[in-house]
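**Student:** Kindly return the folded structure for what I paste below:
(2 chains)
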Amino acid sequence: MASVLFAVGDMAGPSDDNPGSSATAALVKSLLASNPGSALLVLGDNAYLDGTTQEYADHYAPDWGGSAIKPVTFACPGNHDYHTTGAEPYFTFFGAQAGAVSGDGFYSFDRDGWHIVSLNTEKDFRAGSRQLRFLEEDLAAHRTAPTIAFFHRPRFGSGGHGDSDNPEAFWDVLFAHHVEIALCGHAHHYERFAQQDPDRRPDRKGIRQFIVGTGGRSLVPPKPPDRRKPNSEAADGTTFGVLKLTLDTSSYQWEFVPALGSFVDRSAGPHPVNR
Amino acid sequence: MKFQPTREQQEASAQAAELLAGQADGLRRTGSVTTVKGLTDYVGTLRRIAASSDLNLTAKDKVDVEQATFVLEGHRDGLLTADFKDRADKIESLIRTLNGIVERYNASAAR
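**Tutor:** Residues are numbered from 1 along each chain as shown, chains lettered A, B, ... in the order given. Sure thing, here's the model as predicted:
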């Protein structure tokens, strides 16, 4: 039976600057209800502007923190979460849903035959670091499972932030272990890339990266199509919404579901895993 | 936190400060006030890092450095779009080095 995951980042905050948060949360609630057993991956920068305890309470919790969403949420931290010392409000709010070891920001779990890894792009992200050793060992122990990695800053992007170096070492390890999908936020638009290797070469066994920074923070349009990064297949900066992944053990499908706006992006059919 | 920047981080901070100071000056001459204030804060923090091999770095200082990298991302991408690849690569190197300051702060401040 197929498993369903939803993913989105960059959500809640003062309504002037985060006009899409409530509508996107309402959509997520509806989608979770209509897809029993599904879960939500939040991609960081969940509570603007500084990820404080007050901002989590005032902005994130009312829409995203209730019983319909929070119990099935898995988190990764963003740069705004680290505006507080050690991202403590983030770790306190999510508890075990941010990993068993509070403060690390990296962990993994299994779900319906898929392996899911949450990583921290804000610290400890270089080759040889404790996080990279965890990632190597974790993926080596799950060689046969199709895998999703989710972390805040995208390695490649055609939006306001462009590319980020922080996850560079992640990509080397993820690619070496044939990881299927990388999910990221940080840039406030949607973008889907073709499978590629860490040097941007198209590769049918490479990583497919999605940017889904469309959870509520004001959108920033990506560059026009002729100026986008190599292997960018679809991008939009007009529509708030979430990514839906339908996962089978031998294939996956994606759909960007709009909450405010009309952009949609869905796979033509099942896409084979890299195993 | 007490912070001892590397020589490379000091040099990157100095260069980034010059780039942002130039941008702030141009914006000031074309009527900006709020943005100039923000950029000037980032420049001040970068210059302080550039000038000292041992300093106290606050959470605000760290955010200033991070915000500076975001502004520099725009410089990098604009230059790349205009086919100034060599200079874009140099700015990319500055961003990478400044991100090292942010990472060290995040790691040191973690519990």
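**Student:** drop to CA atoms for contacts and neighbour counts, all remaining ones
**Tutor:** Fine.
**Student:** Would you point out which residue is most central in chain B?
**Tutor:** The residue lying closest to the centre of chain B (C-alpha atoms, centre = their mean) is B:Ala68, at 3.8 Å.
**Student:** list the contacts for that one?
**Tutor:** Going by C-alpha atoms under 8 Å, 6 or more residues apart in numbering or on different chains, B:Ala68 touches B:16, B:20, B:39, B:42.
**Student:** pretty sure it belongs to a helix, no?
**Tutor:** Yes. Counting by DSSP: H, G, I helix; E, B strand; the rest coil, B:Ala68 is part of a helix.
**Student:** about what we covered before: can you tell me which of the contacts of B:Ala68 is nearest A:Gly37?
**Tutor:** Proximity of the contacts of B:Ala68 to A:Gly37 (C-alpha to C-alpha) peaks at B:Tyr42, which lies at 46.3 Å.
**Student:** would you list every one of the helices in the stretch 101-250 of chain A?
**Tutor:** Per DSSP state H, counting those that start in this stretch, the stretch 101-250 of chain A carries helices over the ranges A:130-140, A:168-176.
**Student:** would a markdown table of the ones you listed with mean pLDDT, distance to chain B and mean neighbour count be doable?
**Tutor:** Output for the helices of the stretch 101-250 of chain A, formatted as a markdown table (pLDDT from 0 to 100; distance: least, C-alpha to the nearest C-alpha, whole Å; neighbours: other C-alpha atoms under 10 Å in any protein chain shown):
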| stretch | mean pLDDT | distance to chain B | mean neighbour count |
| --- | --- | --- | --- |
| helix A:130-140 | 98 | 12 | 16 |
| helix A:168-176 | 98 | 11 | 19 |
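**Student:** Identify whichever of these lies nearest to A:His115.
**Tutor:** Across those, closest to A:His115 is helix A:130-140 (C-alpha to C-alpha), at 8.7 Å.
**Student:** Now do that closest one against helix A:168-176, angle only.
**Tutor:** 10 degrees (axes from the mean of the first three to the mean of the last three C-alpha atoms, to 10 degrees).
**Student:** on contacts alone, who are the packing partners of helix A:130-140?
**Tutor:** Taking 3 or more C-alpha pairs under 8 Å, 6 or more residues apart in numbering or on different chains; DSSP states H and E as contact, the helices and strands that helix A:130-140 lies on are helix A:168-176.
**Student:** try 10 Å
**Tutor:** If contacts are counted by 3 or more C-alpha pairs under 10 Å, 6 or more residues apart in numbering or on different chains; DSSP states H and E, helix A:130-140 sits against strand A:107-111, strand A:114-118, helix A:168-176.
**Student:** Let's see that helix as CSV, backbone CA atoms only.
**Tutor:** What follows is the C-alpha trace of helix A:130-140 in CSV, where atoms were taken according to Å, rounded to 0.1, in the frame of the first residue of the first chain:
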residue,chain,number,x,y,z
ARG,A,130,29.6,14.2,13.6
GLN,A,131,26.5,14.8,11.5
LEU,A,132,28.2,13.5,8.4
ARG,A,133,29.4,10.4,10.2
PHE,A,134,25.9,9.8,11.3
LEU,A,135,24.6,10.2,7.8
GLU,A,136,27.2,7.8,6.4
GLU,A,137,26.5,5.2,9.0
ASP,A,138,22.7,5.6,8.8
LEU,A,139,22.5,5.3,5.0
ALA,A,140,24.9,2.3,5.0
